[in-house]
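K.L.:
Got a predicted structure here, sequence first:
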Amino acid sequence: MAVIQKFHMDSYKYCSDYYSIDYLLKTYEIPVNPLPDETTWQIPEDVSSQVVLPPKGKIKPGRPKKKRGIGGWEGNTVTCALCGRKGHNQRTCRNIPKRD
């Protein structure tokens, strides 16, 4: 909008027609009748016989994690500078021959 206003262009050309007053009034042209009382509903037997259970998962207390889990293909594998093996660095290397 800032660029359109800077170049003195018509901003209405870049907005969808669905945001106009005409479309807003068209949404309320068709009357919406409220539902009748629940005791007068005619529910088919196959629908009323189905039992809908709550989900099995339990919501854990506390704030949800922000960081997503990183898959094994995304993580960097550490390589030791001394022995060249993967899975550790030179600080934790146990493959160093002991000096006398």
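P.N.:
Cool, got the structure. Numbering: from 1, shown residues only.
K.L.:
I'd like the next helix or strand past the longest helix seen in the chain.
P.N.:
Criterion DSSP state H: the longest helix present in the chain is helix 21-27. Sequence-wise, the next helix or strand downstream of helix 21-27 (DSSP states H and E) is helix 45-48.
K.L.:
which helices and strands sit right next to that next one?
P.N.:
Packing partners of helix 45-48 (3 or more C-beta pairs under 8 Å, 6 or more residues apart in numbering; DSSP states H and E): none among the helices and strands. For every residue, glycine as well, the C-beta is placed using N, CA and C.
K.L.:
Rounded mean pLDDT for that helix, please.
P.N.:
Mean per-residue pLDDT for helix 45-48: 91.
K.L.:
With only the CA atoms kept, save that helix in PDB.
P.N.:
Provided in PDB are the C-alpha atoms of helix 45-48 (Å, rounded to 0.1, in the frame of the first residue of the first chain):
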ATOM      1  CA  GLU A  45     -30.500 -43.900  12.700                       C
ATOM      2  CA  ASP A  46     -27.000 -44.600  11.200                       C
ATOM      3  CA  VAL A  47     -25.900 -41.100  12.300                       C
ATOM      4  CA  SER A  48     -27.400 -41.200  15.800                       C
END
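K.L.:
For Arg85, which non-adjacent residue is spatially closest?
P.N.:
Sequence neighbours aside, Asn95 is the residue nearest to Arg85 in space, at 6.7 Å (criterion: C-beta to C-beta, 6 or more residues apart in numbering).
K.L.:
if I look at the one you found, how far off is Asp46?
P.N.:
Distance of Asn95 to Asp46, computed by C-beta to C-beta, to the nearest Å: 69 Å.
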